[in-house]
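> Could you look at this predicted model? Sequence included:
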Amino acid sequence: MRAAIAAAEVGDEQKREDPTVNELERRAAELLGQEEAVYLPTASMANQIALRILTEPGDELLAEENSHILLSEQGGPAVHSGLVTRPIAGTAGRFSPDDVRRLMRDRTSMHMARTRLVSVENTHNSSGGRCWPLEEIDAVVATARELDLRAHLDGARLLNAAVATGVAAAEYGRRFDTVTLCLSKGLGCPLGALVATSSELAWKARRMKHLFGGAMRQAGIVAAAGVYALDHNVERLADDHARARRLAEALHEAGVPIDLEQVETNFVQVDVEPLGLTREEALARLKEHGVLLSTTVWPTKLRAVTHLDVTDDDVDAAIDAVPRALGAFARA
Ligand SMILES: Cc1ncc(COP(=O)(O)O)c(C=O)c1O
């Protein structure tokens, strides 16, 4: 990837003269089943631009209550697009057509905000990197269409879902009006994301890219990392998933509280509450044993992530260290 970055052909991307950015956008649009894709610095910006181009101020956004868009983008839907947000109580990050139907506001009302957009997150971060089955996405999007709602897919980790389920990313992506993809997570780029959509909406997205301060210059320097990642780092996501599964099963066997059903991609969530620890105590003990986990939206759950810098040996080391650090007892 460093070599690809060093060799990148560049131009002024604001004038659409950067061949590497153009190539990345062309590849991403095809991958995500859309007409065009717009290169952006981050997936948060990609999500926020998608919301902005699909709505008017005062519209209402429906999204799962623990979705990144609602929880981790600092109220961006209200700040950047003037949206009212309505959380949907989900299970494993998913919700049903009935949920959408139930929450839909009366369009004939002179008083209520107009429900306009439904957002789906796949994989779903806070539920532990879980995937949406394609049939469930189909059902939710069909209901959205019937109700004249627009549909956004926060697919920051869509390629993890595609690799885990065997469903092509384009099959998920083409069903939506807008799709976000992040390059700086499992794909291993230093930065970068895309929002993919129709050509008509992509024009609006390019205008918003300027407004949001995301229009760059010789961005081919970093877009080259994205092209490299699409060539080399997609299929290997299966290795991350296999390592996460091995880690989860071994830790569970050693008595570490893990819900194995949750482990569908590259996250393993550890609940430290049954061990009588706070997450701060657990993090400190893990650090002493050389293992770094992160916090989650759940007060007692920590997250282990496998990615392209985590090897089989690292997983073995974690399998050895985590139960000792947390004082877990073998189930056997
Ligand atoms: C589902 C989801 N969407 C969007 C983002 C935002 O990504 P970025 O940090 O590139 O803005 C994240 C980050 O964790 C995420 O998990």
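That came through, no problem. Keep in mind it's a predicted model, so treat the numbers as computed, not measured. Numbers count the residues shown, from 1 in each chain.
> Skipping its backbone neighbours, what lies nearest the residue minimising distance to the centre of the chain in space?
By C-alpha atoms, centre = their mean, the chain has its centre lying nearest to Ala156, at 3.0 Å. Leaving aside its chain neighbours, Ala156 sits nearest to Cys182 (3.9 Å; criterion: C-beta to C-beta, 6 or more residues apart in numbering). Quick note: C-beta positions are derived from backbone N, CA and C, even for glycine.
> what do you get for Ala50?
The shortest distance from Ala50 to any non-neighbouring residue, by C-beta to C-beta, 6+ apart, is to Thr178 (3.8 Å).
> Can you read off the pLDDT for that neighbour?
With respect to pLDDT, Thr178 scores 98.
> gap between the residue nearest to Ala156 and the ligand?
Shown here: Cys182 relative to the ligand, a distance of 5 Å by C-beta to the nearest ligand atom, to the nearest Å.
> Start at 30, not 1
Fine by me, first position is 30 from now on; the one you just mentioned is Cys211.
> Can you report phi and psi for that residue?
Per-residue torsions, Cys211: phi -100, psi 140 (degrees, to the nearest 10).
> Quick check: it touching Ala222?
Yes. Here Cys211 reaches Ala222: they are 4.7 Å apart, a contact under C-beta atoms under 8 Å.
> joint contacts of the two?
The contact sets of Cys211 and Ala222 overlap at 71-72, 75, 185 (C-beta atoms under 8 Å, 6 or more residues apart in numbering).
> how about stretch 307-321: buried residues?
308, 311-312, 314-315, 320 (16 or more other C-beta atoms under 10 Å).
> mind listing which of the residues you listed are in strands?
Using DSSP state E, the subset of those located in strands is empty.
> Those residues of the stretch 80-229 of the chain touching the ligand, which are they?
Residues of the stretch 80-229 of the chain found near the ligand (C-beta under 6 Å from any ligand atom) are 97, 150, 154, 183, 185, 211, 213, 222.
> How many residues are close by the residue nearest to Ala79?
When neighbours are defined as other C-beta atoms under 10 Å, Thr207 has 31 of them.
> again, but for the one 3 residues further on
For Leu210, the number of neighbouring residues by other C-beta under 10 Å comes to 28.
> That one against Leu187, yeah?
Yes. In terms of C-beta under 8 Å, Leu210 counts as a neighbour of Leu187; the distance is 5.7 Å.
> And the helices in the stretch 180-329 of the chain, which stretches?
187-194, 198-202, 228-240, 249-261, 266-282, 308-317 (DSSP state H, counting those that start in this stretch).
> May I see those organised as CSV, with distance to Arg45 added?
As requested, the helices of the stretch 180-329 of the chain are exported to CSV (distance: least, C-beta to C-beta, whole Å):
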stretch, distance to Arg45
helix 187-194, 25
helix 198-202, 22
helix 228-240, 8
helix 249-261, 12
helix 266-282, 30
helix 308-317, 45
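> Present those as CSV; the columns should include mean pLDDT.
As requested, the helices of the stretch 180-329 of the chain are exported to CSV (pLDDT from 0 to 100):
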stretch, mean pLDDT
helix 187-194, 98
helix 198-202, 98
helix 228-240, 98
helix 249-261, 98
helix 266-282, 98
helix 308-317, 96
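> Please name whichever of those is nearest to Pro106.
helix 228-240 (13.8 Å; C-beta to C-beta).
> Can you name every helix or strand that that closest one contacts?
Packing partners of helix 228-240 (3 or more C-beta pairs under 8 Å, 6 or more residues apart in numbering; DSSP states H and E): strand 65-69, helix 72-83.
> picking that back up, just give me the closest of the buried residues of stretch 307-321 to Leu276.
Distance to Leu276 across the buried residues of stretch 307-321 (C-beta to C-beta) is lowest for Val320, with 10.6 Å.
> okay, the closest one: pLDDT?
Note for Val320: predicted pLDDT of 96.
> I'd say it and Ala350 touch.
Yes. With contacts counted by C-beta under 8 Å, Val320 reaches Ala350, the gap being 5.1 Å.
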